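Q: Build the 3D model from these lines:
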Amino acid sequence: MFLVAPLVVGMWRSTWGIMELHRNMFPNVQIYLLGMLIHISFALVRSYLLSRSRSTKENKPKFHWIRERVLSRVYGYIFILSCIMHWRGGWGIFDMLVAAVIPEENDPHRPVLIGALTLFMYASTAAVRAARNLLASPYFLVTDGKEATYQFDTRFRRQTSREMALYVLDCIFSVTVVGSLVVFVWRGSWALLDIFLYPDDQVRSFWTSLVGGYVVVLVTFVLQVPMRWAAARLHGAPRLLLVDVYHLMSFVATVNVWRGVWGLLDVYYFPDRPKFSNWSIHIISLTLLILLNCSNSILVRGVYIDAEEPAGDCVVFPCHYLRLFFHKERTKKRHSRVLAAAALSAARKTEEASMLQTPEEKV
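A: Numbers count the residues shown, from 1 in each chain. Below is the predicted model:
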């Protein structure tokens, strides 16, 4: 919550700011389409990339691990840029749509229009059972690794080996429809906070978002045990409604945390030197996330289906870090013990067989 999440927000804010400094090179509609195109392309070939990565490890060519590490970082960085282009372009398109209907920023009907659009987009997201995709860090933490880097789910879980046409349509729908709905809900919610949360005092507004967001984050984590108990005992529509309400509360916390960190960086971190501010945060955030083995947490990809997991697991947030580390260490030790036991057993069998042989058989 307090280390990875600010670094993720810093990476997004700095990359977004660099694009803002070069607006002519990053027009909204073009980068919106380009970001989705790259995302769809990676979705189409994700199984191939994973299998190629695994085969490389099995064949063990010279310096294979160095090559794989470099290729995965390049792939991840391109994916990061595509996600941010998709989002920045989508925010610009949302703003253009609002401005086309109500050009005046001080028009009292403008917040009503933004609220109506946001509510419609959220209802559409919930209708396709994708409201959980509105969440981000600090509720999600994705560690680096071959599975986490290359493999992610689409909305209808189609596999490339069967029904190729449906597989392609699934990838396109997941990125263009579900992904764009998430972008527009975020933009509308952020805009409403800008309008209603101390609009005349930005510093106070950002601090309120940060503190309030983290308070709600802590509350949702405290509520996770009773929510998990309740979700395990409900079925059908009541269970889905409970999960959606819980995720909506978590989304409100998420967007406030992001807005608070983002805005306070704009206010306090070299506001008069935007080029240095953006590039330094960009390099520092990306480097630290790679060293922490959490660079995949920057990405927005894959589609979670609301209440898909069995029992109460549908309200458990995938933010495991130390648990995964200790689990890997235990798995390694267990694997070593199994190999050692197998080797000892084989040695004993060989010794017993040798003792039963006659001198002639030994010769």
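
Q: remind me, longest helix of this protein?
A: Ranked by residue count and defined by DSSP state H, the top helix of the chain is helix 64-101.

Q: I'd like to know which elements it is packed against.
A: Packed against helix 64-101, as judged by 3 or more CB pairs under 8 Å, 6 or more residues apart in numbering; DSSP states H and E, are the following elements: helix 4-21, helix 28-44, helix 46-59, helix 109-127, helix 146-150, helix 180-196. C-beta coordinates here come from the backbone N, C-alpha and C atoms, glycine included.

Q: please redo it, this time with the cut-off set to 10 Å
A: Helices and strands in packing contact with helix 64-101 are listed as helix 4-21, helix 28-44, helix 46-59, helix 109-127, helix 146-150, helix 180-196, helix 274-291; criterion 3 or more CB pairs under 10 Å, 6 or more residues apart in numbering; DSSP states H and E.

Q: how about these in a markdown table, adding distance to Arg158 and mean pLDDT?
A: Supplementary listing: the helices and strands packed on helix 64-101 in a markdown table, determined by distance: least, CB to CB, whole Å; pLDDT from 0 to 100:
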| stretch | distance to Arg158 | mean pLDDT |
| --- | --- | --- |
| helix 4-21 | 29 | 97 |
| helix 28-44 | 10 | 96 |
| helix 46-59 | 11 | 72 |
| helix 109-127 | 20 | 96 |
| helix 146-150 | 17 | 82 |
| helix 180-196 | 19 | 97 |
| helix 274-291 | 31 | 96 |
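
Q: of all those, which lies closest to Leu240?
A: With respect to Leu240, and counting by CB to CB, the nearest of the helices and strands packed on helix 64-101 is helix 109-127 at 8.9 Å.

Q: Return the closest one as CSV; C-alpha atoms alone will do.
A: Extracted in CSV, the C-alpha atoms of helix 109-127 (Å, rounded to 0.1, in the frame of the first residue of the first chain):
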residue,chain,number,x,y,z
HIS,A,109,-24.9,21.4,-16.1
ARG,A,110,-21.3,20.2,-16.8
PRO,A,111,-21.0,18.1,-13.6
VAL,A,112,-24.4,16.6,-14.3
LEU,A,113,-23.3,15.5,-17.7
ILE,A,114,-20.0,14.1,-16.4
GLY,A,115,-21.8,12.3,-13.6
ALA,A,116,-24.4,10.8,-16.0
LEU,A,117,-21.7,9.6,-18.4
THR,A,118,-19.7,8.1,-15.5
LEU,A,119,-22.8,6.3,-14.1
PHE,A,120,-23.6,4.9,-17.5
MET,A,121,-20.1,3.7,-18.1
TYR,A,122,-20.0,2.1,-14.6
ALA,A,123,-23.4,0.4,-15.2
SER,A,124,-22.1,-1.0,-18.5
THR,A,125,-19.0,-2.3,-16.8
ALA,A,126,-21.0,-4.0,-14.1
ALA,A,127,-23.4,-5.4,-16.7
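
Q: Please point out which parts of the longest helix of the chain sit buried.
A: For helix 64-101, the buried set under the neighbour-count rule, 16 or more other CB atoms under 10 Å, comprises 68, 72, 76, 79-94, 98.

Q: Distance from it to the middle of the chain?
A: Computed by CA atoms, centre = their mean, to the nearest Å, the separation of helix 64-101 from the middle of its chain amounts to 12 Å.

Q: quick check: mean pLDDT across it?
A: The predicted model assigns helix 64-101 a mean pLDDT of 93.

Q: Tell me what angle it forms with helix 274-291.
A: Between the direction of helix 64-101 and that of helix 274-291, the angle (axes from the mean of the first three to the mean of the last three CA atoms, to 10 degrees) works out to 140 degrees.

Q: Now do helix 64-101 and helix 28-44, the angle between them.
A: Following the same axes, to 10 degrees, one obtains 140 degrees for the angle between helix 64-101 and helix 28-44.

Q: Include distance to Leu223 and mean neighbour count when you put the helices and strands packed on helix 64-101 into a markdown table, please.
A: Listed next are the helices and strands packed on helix 64-101 as a markdown table, based on distance: least, CB to CB, whole Å; neighbours: other CB atoms under 10 Å:
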| stretch | distance to Leu223 | mean neighbour count |
| --- | --- | --- |
| helix 4-21 | 19 | 21 |
| helix 28-44 | 33 | 18 |
| helix 46-59 | 34 | 14 |
| helix 109-127 | 20 | 16 |
| helix 146-150 | 27 | 18 |
| helix 180-196 | 21 | 20 |
| helix 274-291 | 28 | 16 |
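
Q: Tabulate these (CSV), appending distance to Leu242.
A: Written out in CSV, the entries for the helices and strands packed on helix 64-101 read as follows (distance: least, CB to CB, whole Å):
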stretch, distance to Leu242
helix 4-21, 25
helix 28-44, 30
helix 46-59, 32
helix 109-127, 13
helix 146-150, 29
helix 180-196, 20
helix 274-291, 33
